[in-house]
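In: pasting a predicted model and its sequence here:
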Amino acid sequence: MKTAKYLVPNDYMADPAVHVFNGRLYIYPSHDRESGIPENDNGDHFDMKDYHVFSTGDIETGTLTDHGVVLDTKDIPWAGRQLWDCDVACKDGKYYMYFPLKDKNDIFRIGVAIAGKPEGPFIPQPDPIRGSYSIDPAILEENGTYYMYFGGLWGGQLQRYRDNKALESAEFPAGDEPAIPSRVVKLSQDMLQFAEEPRPVIILDKAGKPLTHGDSTRRYFEASWIHNYQGKYYYSYSTGDTHRLCYAIGDNPYGPFTYQGVLLTPVVGWTTHHAIVEFKGKWYLFHHDSVPSGGQTWLRSLKVVELEYNPDGTIQPIEGGGTGD
(Lines give C-alpha, C1' and ligand atoms only; values in the text may rest on other atoms or scores of the structure.)
Protein backbone atom coordinates (compact mmCIF):
# COMPACT_ATOMS: atom_id res chain seq x y z
CA MET A 1 0.00 0.00 0.00
CA LYS A 2 1.77 3.16 -1.22
CA THR A 3 -1.26 5.41 -1.71
CA ALA A 4 -2.93 6.73 1.42
CA LYS A 5 -6.39 5.37 2.10
CA TYR A 6 -9.20 6.58 4.33
CA LEU A 7 -10.08 4.39 7.27
CA VAL A 8 -13.41 5.61 8.73
CA PRO A 9 -15.48 6.97 5.82
CA ASN A 10 -18.70 7.38 7.81
CA ASP A 11 -17.37 9.61 10.60
CA TYR A 12 -14.76 12.29 11.30
CA MET A 13 -11.76 10.98 13.22
CA ALA A 14 -8.37 12.68 13.55
CA ASP A 15 -5.11 12.90 15.56
CA PRO A 16 -4.45 9.15 15.61
CA ALA A 17 -2.36 7.35 18.21
CA VAL A 18 -1.65 3.80 17.02
CA HIS A 19 -0.18 0.75 18.77
CA VAL A 20 0.06 -3.01 18.35
CA PHE A 21 -1.32 -4.93 21.33
CA ASN A 22 -1.56 -8.73 21.39
CA GLY A 23 -0.80 -8.93 17.67
CA ARG A 24 -3.65 -6.60 16.71
CA LEU A 25 -3.41 -2.96 15.60
CA TYR A 26 -5.38 -0.41 17.67
CA ILE A 27 -6.17 3.17 16.64
CA TYR A 28 -7.02 5.81 19.24
CA PRO A 29 -8.20 8.95 17.41
CA SER A 30 -9.89 12.15 18.50
CA HIS A 31 -13.50 12.53 17.32
CA ASP A 32 -14.37 15.64 15.33
CA ARG A 33 -17.93 16.93 15.24
CA GLU A 34 -19.85 19.91 13.92
CA SER A 35 -20.30 22.02 17.05
CA GLY A 36 -21.51 25.26 15.51
CA ILE A 37 -18.62 27.18 17.10
CA PRO A 38 -16.94 29.66 14.69
CA GLU A 39 -13.39 28.76 13.68
CA ASN A 40 -10.59 30.68 15.41
CA ASP A 41 -6.86 30.43 16.13
CA ASN A 42 -7.46 29.07 19.63
CA GLY A 43 -9.17 25.98 18.21
CA ASP A 44 -12.51 26.52 19.98
CA HIS A 45 -14.25 24.90 17.00
CA PHE A 46 -12.45 21.64 17.89
CA ASP A 47 -15.06 20.87 20.54
CA MET A 48 -14.60 17.10 20.70
CA LYS A 49 -16.23 15.27 23.57
CA ASP A 50 -15.58 11.52 23.26
CA TYR A 51 -13.24 8.83 21.96
CA HIS A 52 -13.81 5.73 19.85
CA VAL A 53 -11.30 2.89 19.50
CA PHE A 54 -10.74 1.02 16.24
CA SER A 55 -8.80 -2.19 15.65
CA THR A 56 -7.82 -4.54 12.85
CA GLY A 57 -5.77 -7.65 12.25
CA ASP A 58 -4.89 -6.58 8.68
CA ILE A 59 -4.38 -2.90 7.86
CA GLU A 60 -3.68 -3.67 4.20
CA THR A 61 -6.92 -5.41 3.20
CA GLY A 62 -8.91 -5.93 6.38
CA THR A 63 -11.75 -3.87 7.81
CA LEU A 64 -11.70 -1.84 11.01
CA THR A 65 -13.73 -2.85 14.02
CA ASP A 66 -15.30 0.15 15.77
CA HIS A 67 -15.41 -0.60 19.49
CA GLY A 68 -17.67 2.39 20.08
CA VAL A 69 -17.38 5.21 22.60
CA VAL A 70 -14.79 4.28 25.25
CA LEU A 71 -14.53 7.60 27.13
CA ASP A 72 -16.84 10.64 27.27
CA THR A 73 -16.39 14.03 28.92
CA LYS A 74 -19.61 13.51 30.89
CA ASP A 75 -17.87 10.67 32.76
CA ILE A 76 -14.77 12.69 33.71
CA PRO A 77 -15.27 14.39 37.11
CA TRP A 78 -13.01 17.39 36.42
CA ALA A 79 -14.09 17.95 32.81
CA GLY A 80 -14.61 21.31 31.24
CA ARG A 81 -14.49 20.96 27.44
CA GLN A 82 -12.39 19.90 24.45
CA LEU A 83 -11.27 16.29 24.71
CA TRP A 84 -8.42 16.47 22.21
CA ASP A 85 -5.92 13.81 21.08
CA CYS A 86 -4.85 10.96 23.38
CA ASP A 87 -2.37 8.09 23.61
CA VAL A 88 -2.47 4.66 25.27
CA ALA A 89 0.19 2.53 26.98
CA CYS A 90 0.10 -1.02 28.34
CA LYS A 91 1.72 -2.12 31.60
CA ASP A 92 1.16 -5.34 33.54
CA GLY A 93 -2.03 -6.19 31.66
CA LYS A 94 -3.65 -2.78 32.18
CA TYR A 95 -4.15 -0.10 29.53
CA TYR A 96 -3.64 3.54 30.41
CA MET A 97 -5.17 6.27 28.27
CA TYR A 98 -3.62 9.74 28.60
CA PHE A 99 -5.86 12.53 27.38
CA PRO A 100 -5.78 16.36 27.31
CA LEU A 101 -8.92 18.14 28.47
CA LYS A 102 -9.72 21.64 29.65
CA ASP A 103 -10.73 21.77 33.27
CA LYS A 104 -13.57 23.89 34.63
CA ASN A 105 -11.25 26.94 34.49
CA ASP A 106 -10.59 26.37 30.77
CA ILE A 107 -7.00 25.26 31.40
CA PHE A 108 -5.70 22.18 29.61
CA ARG A 109 -4.59 19.36 31.91
CA ILE A 110 -3.69 15.75 31.13
CA GLY A 111 -5.82 13.00 32.62
CA VAL A 112 -5.55 9.24 32.90
CA ALA A 113 -8.20 6.57 32.29
CA ILE A 114 -7.67 2.84 32.82
CA ALA A 115 -9.01 -0.28 31.08
CA GLY A 116 -8.48 -4.01 31.36
CA LYS A 117 -8.28 -4.47 27.59
CA PRO A 118 -6.97 -2.32 24.73
CA GLU A 119 -10.43 -1.59 23.30
CA GLY A 120 -11.67 -0.21 26.62
CA PRO A 121 -13.93 1.09 27.96
CA PHE A 122 -11.63 3.38 29.92
CA ILE A 123 -12.47 4.54 33.44
CA PRO A 124 -11.08 8.00 34.26
CA GLN A 125 -9.21 8.89 37.42
CA PRO A 126 -10.93 11.51 39.60
CA ASP A 127 -8.27 14.18 38.99
CA PRO A 128 -5.76 15.12 36.27
CA ILE A 129 -2.04 14.39 36.63
CA ARG A 130 -0.49 16.76 39.14
CA GLY A 131 1.62 19.39 37.43
CA SER A 132 0.33 18.53 33.96
CA TYR A 133 -0.49 21.14 31.34
CA SER A 134 -1.01 21.64 27.60
CA ILE A 135 -1.93 18.90 25.08
CA ASP A 136 -0.79 16.10 22.77
CA PRO A 137 0.49 13.36 25.10
CA ALA A 138 2.53 10.63 23.38
CA ILE A 139 4.00 7.66 25.25
CA LEU A 140 7.29 5.83 24.74
CA GLU A 141 8.00 2.55 26.56
CA GLU A 142 11.68 1.74 26.94
CA ASN A 143 12.77 -1.35 28.91
CA GLY A 144 9.90 -1.02 31.36
CA THR A 145 10.22 2.75 31.75
CA TYR A 146 7.49 4.97 30.30
CA TYR A 147 8.00 8.50 29.03
CA MET A 148 5.37 11.05 28.06
CA TYR A 149 6.00 13.72 25.42
CA PHE A 150 3.51 16.59 25.37
CA GLY A 151 2.78 20.21 24.45
CA GLY A 152 1.16 22.35 21.79
CA LEU A 153 1.24 26.07 21.03
CA TRP A 154 -1.59 28.56 20.49
CA GLY A 155 -4.80 26.77 21.52
CA GLY A 156 -2.68 24.11 23.20
CA GLN A 157 -1.48 26.73 25.72
CA LEU A 158 2.20 25.67 25.83
CA GLN A 159 3.29 29.30 25.41
CA ARG A 160 1.73 30.04 28.81
CA TYR A 161 4.47 28.12 30.65
CA ARG A 162 8.19 28.46 31.36
CA ASP A 163 10.10 25.89 33.42
CA ASN A 164 6.78 24.15 34.17
CA LYS A 165 5.39 27.28 35.81
CA ALA A 166 2.42 29.26 34.50
CA LEU A 167 3.15 32.80 33.29
CA GLU A 168 0.98 35.78 34.11
CA SER A 169 0.55 36.30 30.35
CA ALA A 170 1.44 34.15 27.37
CA GLU A 171 4.73 35.00 25.71
CA PHE A 172 6.35 33.96 22.44
CA PRO A 173 10.10 34.30 21.86
CA ALA A 174 11.59 36.70 19.35
CA GLY A 175 12.25 35.21 15.94
CA ASP A 176 15.97 34.69 16.56
CA GLU A 177 15.50 33.18 20.04
CA PRO A 178 15.23 29.42 20.69
CA ALA A 179 11.82 27.98 19.89
CA ILE A 180 9.45 26.96 22.68
CA PRO A 181 10.17 23.25 23.17
CA SER A 182 7.76 20.42 23.79
CA ARG A 183 8.21 18.48 27.03
CA VAL A 184 9.23 14.96 28.04
CA VAL A 185 8.70 13.42 31.46
CA LYS A 186 9.16 9.98 33.00
CA LEU A 187 5.96 8.48 34.40
CA SER A 188 5.63 7.05 37.91
CA GLN A 189 5.63 3.31 38.50
CA ASP A 190 1.83 3.27 38.89
CA MET A 191 1.49 5.18 35.57
CA LEU A 192 -0.74 7.80 37.19
CA GLN A 193 1.63 10.71 37.87
CA PHE A 194 4.85 12.37 36.71
CA ALA A 195 7.94 10.87 38.33
CA GLU A 196 9.98 14.03 37.79
CA GLU A 197 9.80 17.57 36.51
CA PRO A 198 9.09 17.70 32.74
CA ARG A 199 12.16 18.52 30.65
CA PRO A 200 12.43 20.46 27.37
CA VAL A 201 12.74 18.47 24.14
CA ILE A 202 15.48 20.31 22.26
CA ILE A 203 15.67 20.07 18.46
CA LEU A 204 19.03 21.02 16.95
CA ASP A 205 20.05 21.87 13.41
CA LYS A 206 22.89 19.97 11.75
CA ALA A 207 25.35 22.50 13.20
CA GLY A 208 24.19 21.67 16.73
CA LYS A 209 22.26 24.89 17.35
CA PRO A 210 18.68 24.88 18.71
CA LEU A 211 16.01 25.74 16.17
CA THR A 212 14.67 29.26 16.58
CA HIS A 213 11.09 30.43 17.00
CA GLY A 214 11.27 32.23 13.65
CA ASP A 215 12.22 29.02 11.86
CA SER A 216 8.56 28.09 11.36
CA THR A 217 9.25 25.53 8.63
CA ARG A 218 11.28 23.36 11.03
CA ARG A 219 10.55 24.21 14.65
CA TYR A 220 8.06 22.47 16.93
CA PHE A 221 4.43 23.51 17.19
CA GLU A 222 2.45 20.45 18.36
CA ALA A 223 1.77 16.73 17.79
CA SER A 224 4.69 14.86 19.36
CA TRP A 225 5.27 11.26 18.33
CA ILE A 226 8.28 9.09 19.17
CA HIS A 227 9.37 5.72 17.81
CA ASN A 228 12.50 3.60 17.79
CA TYR A 229 14.09 2.44 14.54
CA GLN A 230 17.39 0.55 14.39
CA GLY A 231 18.42 1.75 17.82
CA LYS A 232 17.70 5.43 17.20
CA TYR A 233 14.90 7.58 18.59
CA TYR A 234 12.82 9.28 15.93
CA TYR A 235 10.98 12.30 17.29
CA SER A 236 8.35 13.62 14.87
CA TYR A 237 6.04 16.60 15.17
CA SER A 238 3.95 19.23 13.40
CA THR A 239 5.27 22.67 12.49
CA GLY A 240 1.77 24.09 12.90
CA ASP A 241 1.20 27.17 10.76
CA THR A 242 3.55 25.88 8.03
CA HIS A 243 1.61 22.61 7.90
CA ARG A 244 4.47 20.10 7.78
CA LEU A 245 5.26 16.95 9.68
CA CYS A 246 9.00 16.92 10.40
CA TYR A 247 11.32 14.58 12.27
CA ALA A 248 14.55 14.61 14.21
CA ILE A 249 16.77 11.77 15.46
CA GLY A 250 18.47 11.29 18.82
CA ASP A 251 20.35 8.71 20.89
CA ASN A 252 18.37 9.20 24.10
CA PRO A 253 14.65 9.47 24.99
CA TYR A 254 15.35 12.89 26.50
CA GLY A 255 17.15 14.14 23.40
CA PRO A 256 18.53 16.34 22.08
CA PHE A 257 17.25 15.45 18.62
CA THR A 258 18.88 16.56 15.38
CA TYR A 259 16.56 17.79 12.66
CA GLN A 260 16.44 15.54 9.57
CA GLY A 261 13.70 16.78 7.26
CA VAL A 262 10.06 16.72 6.23
CA LEU A 263 8.10 13.56 6.84
CA LEU A 264 4.76 14.67 5.34
CA THR A 265 4.14 17.75 3.19
CA PRO A 266 0.98 19.81 3.90
CA VAL A 267 -2.40 18.11 3.76
CA VAL A 268 -5.76 19.68 2.93
CA GLY A 269 -6.82 21.34 6.17
CA TRP A 270 -4.94 23.39 8.75
CA THR A 271 -3.78 20.78 11.23
CA THR A 272 -1.37 17.88 10.86
CA HIS A 273 -1.15 15.14 13.48
CA HIS A 274 0.09 11.59 13.15
CA ALA A 275 1.39 8.28 14.47
CA ILE A 276 4.10 5.95 13.17
CA VAL A 277 4.00 2.22 13.87
CA GLU A 278 5.43 -1.07 12.61
CA PHE A 279 2.90 -3.81 11.94
CA LYS A 280 3.58 -7.21 10.36
CA GLY A 281 6.98 -6.18 9.01
CA LYS A 282 5.96 -2.85 7.47
CA TRP A 283 5.98 0.70 8.76
CA TYR A 284 2.94 2.95 8.47
CA LEU A 285 2.14 6.63 8.85
CA PHE A 286 -1.33 7.36 10.20
CA HIS A 287 -2.56 10.93 9.80
CA HIS A 288 -5.62 12.89 8.67
CA ASP A 289 -6.83 15.47 6.19
CA SER A 290 -10.03 17.42 5.51
CA VAL A 291 -10.75 16.34 1.93
CA PRO A 292 -14.00 14.41 2.68
CA SER A 293 -15.46 17.40 4.56
CA GLY A 294 -14.66 19.81 1.72
CA GLY A 295 -11.63 21.29 3.46
CA GLN A 296 -13.30 22.24 6.74
CA THR A 297 -10.37 22.08 9.12
CA TRP A 298 -12.38 20.91 12.13
CA LEU A 299 -13.91 17.90 10.34
CA ARG A 300 -10.99 15.62 9.59
CA SER A 301 -10.72 12.05 8.32
CA LEU A 302 -8.25 9.30 9.22
CA LYS A 303 -5.74 8.08 6.64
CA VAL A 304 -2.90 5.57 6.50
CA VAL A 305 0.02 5.14 4.09
CA GLU A 306 3.09 2.92 4.09
CA LEU A 307 6.26 4.60 5.37
CA GLU A 308 9.65 3.79 3.83
CA TYR A 309 13.18 4.33 5.14
CA ASN A 310 16.29 4.99 3.11
CA PRO A 311 19.40 2.84 3.68
CA ASP A 312 20.93 5.61 5.81
CA GLY A 313 17.92 5.61 8.16
CA THR A 314 16.29 8.77 6.85
CA ILE A 315 12.61 8.63 5.91
CA GLN A 316 11.29 9.08 2.40
CA PRO A 317 8.96 12.14 2.48
CA ILE A 318 5.29 11.63 1.66
CA GLU A 319 3.18 14.06 -0.34
CA GLY A 320 0.19 15.25 1.68
CA GLY A 321 -1.75 16.70 -1.23
CA GLY A 322 -2.36 20.15 0.24
CA THR A 323 -0.99 23.61 -0.48
CA GLY A 324 0.14 24.68 2.98
CA ASP A 325 -1.89 27.90 2.77
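Out: Structure's in. What do you need?
In: look at residue 324 and report its pLDDT.
Out: In the predicted model, residue 324 carries a pLDDT score of 63.
In: touching, residue 41 and residue 240? I think so.
Out: No: judged on Cβ atoms under 8 Å, residue 41 makes no contact with residue 240 at a distance of 10.6 Å. All C-beta atoms are positioned from the backbone trio N, CA, C, and that covers glycine.
In: contacting residues for residue 277?
Out: 18-20, 25, 227, 283-284, 286 (Cβ atoms under 8 Å, 6 or more residues apart in numbering).
In: residue 134 now?
Out: 100, 108, 110, 150-152, 156-158, 161, 183.
In: just flag the most distant two among the residues you listed.
Out: 100 and 161 (13.8 Å; Cβ to Cβ).
In: who's more crowded, these two?
Out: residue 100 (26 against 18; other Cβ atoms under 10 Å).
In: count of residues packed around residue 6?
Out: Residues near residue 6, counting by other Cβ under 10 Å: 14.
In: correct me if wrong: it contacts residue 301.
Out: Yes: using Cβ under 8 Å, residue 6 is in contact with residue 301, at 5.5 Å.
In: now do the shared contacts for the two.
Out: Counting by Cβ under 8 Å, 6+ apart, the residues touching both residue 6 and residue 301 are residue 292.
In: roughly how far apart are residue 309 and residue 258?
Out: Separation of residue 309 from residue 258 (Cβ to Cβ, to the nearest Å): 16 Å.
In: so between these two, which is more surrounded?
Out: The neighbour comparison of residue 309 against residue 258 (other Cβ under 10 Å) goes to residue 258, with 17 against 13.
In: quickly find the element holding the more buried one.
Out: strand 257-264 (DSSP states H and E).
In: quick check: mean pLDDT across that strand?
Out: Strand 257-264 shows a mean pLDDT of 98.
In: the next helix or strand after it vs strand 257-264, what angle?
Out: Helices and strands here follow DSSP H and E; after strand 257-264, the next one along the chain is strand 275-279. Angle of strand 275-279 versus strand 257-264, following axes from the mean of the first three to the mean of the last three Cα atoms, to 10 degrees, is 80 degrees.
In: quick check: closest non-adjacent residue to residue 211.
Out: Spatial nearest neighbour of residue 211, chain neighbours left out: residue 219 (4.3 Å); criterion: Cβ to Cβ, 6 or more residues apart in numbering.
In: that neighbour - that's part of a strand, no?
Out: No: counting by DSSP: H, G, I helix; E, B strand; the rest coil, residue 219 is not found in a strand; it is coil.
In: all good on my end, thank you.
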